[in-house]
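**Q** coordinates only, sequence not included:
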């Protein structure tokens, strides 16, 4: 009888530990399933757009897509979503200005994960295609040496407010302006307000730019390193171009920074970034920006 009780107790322990193992987040992986590679991301409003090179195992019979593990760096709370076969996925219902660590693994039809994974740290951000007046964001060039026009992103409402050329000086607000040396110049220059004669706020632009028609198309490069924000202006060519121009910037306030990026839109009718003629030249843009201070789009390098 004593031996029987001992055997039943041992069996109970074995079953108990086996059940814990089955529910564990560290289930055995499937070494024969390859993970995706080259994970990149783009910031959308309350969302992170992911892009990767698909797993080489997608043609296998047991392949069932991807597991997307999303960890909130502020709360240390995570959730998991399932992504189908393909080259990307959008994670929604996130908090703008919050950093997330996203880990992507391939997964089999039996729920086994790939032994390896890809990972990236990223933050969603406000996205604006129209200004506070619900109009396309359009900023006209000025030949004035004072900062009296431009665009204000970092206002309390998180709106993109275009500041017209009103003859007033906006020294305490406004994050960039568009400058033209004269009415016939072959380029325009997106500049920091602090370069104007009346010394507006300081904006720093990254040396990293790339060609794209939308802010969603950020997969040619990763978000730039902090040390790259060294420019006071970015030149916009007046020539015909195949695509739009994406650039990164940050507003400097003492030791704090607020990060933004924008896409100068290409005019489909003319193929140019610079629109209009003479004294009425302008650029149209889509913008994305972090109201929270010191939160870059990607992991701070």
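**A** Cool, got the structure. Keep in mind that this is a model prediction, so the values were computed, not measured. Residues are numbered from 1 along each chain as shown.
**Q** The closest residue to residue 240 other than its chain neighbours and residue 211, how far apart?
**A** Spatial nearest neighbour of residue 240, excluding adjacent residues (Cβ to Cβ, 6 or more residues apart in numbering): residue 271 at 4.2 Å. In short, each C-beta sits where N, CA and C put it, glycine included. According to Cβ to Cβ, to the nearest Å, residue 271 and residue 211 sit 13 Å apart.
**Q** check contacts around the residue nearest to residue 162 when sequence neighbours are not counted.
**A** Of all residues not flanking residue 162 in the chain, residue 131 sits nearest, at 4.9 Å (Cβ to Cβ, 6+ apart). With contacts defined as Cβ atoms under 8 Å, 6 or more residues apart in numbering, residue 131 is in contact with 137-138, 151, 159-162.
**Q** By neighbour count, which of these wins?
**A** Neighbour counts for these, by other Cβ atoms under 10 Å, peak at residue 160, which reaches 27 neighbours.
**Q** any residues in contact with both of residue 271 and residue 211?
**A** Common neighbours of residue 271 and residue 211 (Cβ under 8 Å, 6+ apart) are 241-242.
**Q** can you pull the contacts of residue 288?
**A** 43-44, 125-128, 215, 260-262, 297.
**Q** Kindly report the same for residue 152.
**A** Residue 152 touches 160-163, 170, 173-175, counting by Cβ under 8 Å, 6+ apart.
**Q** what bits of the protein have low per-residue confidence?
**A** Applying pLDDT under 70 to the chain flags residues 1-28, 167, 218-222, 300-301.
**Q** In space, what's closest to the residue nearest in space to the middle of it - neighbours in sequence excluded?
**A** Centroid-nearest residue in the chain, with Cα atoms, centre = their mean: residue 43, separated by 2.7 Å. What sits nearest to residue 43 in space, not counting adjacent residues and going by Cβ to Cβ, 6+ apart, is residue 125, at 4.2 Å.
**Q** Isn't that neighbour up against residue 292?
**A** No - counting by Cβ atoms under 8 Å, residue 292 is not a contact partner of residue 125; they are 9.0 Å apart.
**Q** Could you check which of those two has the larger neighbour count?
**A** Neighbour totals were compared for residue 125 and residue 292, and residue 125 leads with 29 against 15 (other Cβ under 10 Å).
**Q** residues in contact with the more buried one?
**A** Residue 125 touches 43-45, 96-97, 259, 288-290, 297, counting by Cβ under 8 Å, 6+ apart.
**Q** With residue 204 instead?
**A** Listed by Cβ under 8 Å, 6+ apart, the contact partners of residue 204 are 192, 229-232, 249-250, 252, 257.
**Q** how about a cut-off of 10 Å?
**A** Neighbouring residues of residue 204 by Cβ atoms under 10 Å, 6 or more residues apart in numbering: 192, 194, 226, 228-232, 248-252, 257, 259.
**Q** Likewise for residue 75?
**A** Residue 75 neighbours (Cβ under 10 Å, 6+ apart): 95, 98.
**Q** That one - that's part of a helix, no?
**A** No - going by DSSP: H, G, I helix; E, B strand; the rest coil, the assignment for residue 75 is coil, not a helix.
**Q** Distance of it relative to residue 95?
**A** Distance from residue 75 to residue 95, by Cβ to Cβ: 9 Å.
**Q** do the same with residue 199
**A** 35 Å.
**Q** same question, residue 83
**A** Applying Cβ to Cβ to residue 83 and residue 95 gives a distance of 21 Å.
**Q** Tell me who's in contact with the closest residue to residue 132 other than its chain neighbours.
**A** Ranked by Cβ to Cβ, 6+ apart and with sequence neighbours excluded, the top spatial neighbour of residue 132 is residue 159, at 4.1 Å. Neighbouring residues of residue 159 by Cβ under 10 Å, 6+ apart: 126, 128, 130-133, 152-153.
**Q** let's see 8 Å
**A** 128, 131-132.
**Q** And for residue 37?
**A** By Cβ under 8 Å, 6+ apart, the neighbours of residue 37 are 52-53, 118.
**Q** what is it paired to in the beta sheet?
**A** Beta-bridge pairing for residue 37 (DSSP bridges): residue 53.
**Q** And the one 4 residues further on, by the same measure?
**A** Beta-bridge pairing of residue 41, defined through DSSP bridges, involves residue 50.
**Q** Surely it touches residue 49?
**A** Yes - if you go by Cβ under 8 Å, residue 41 and residue 49 touch, sitting 6.5 Å apart.
**Q** Looking at those two, which has the bigger crowd around it?
**A** Applying other Cβ under 10 Å to residue 41 and residue 49 shows that residue 41 carries more neighbours, namely 25 against 21.
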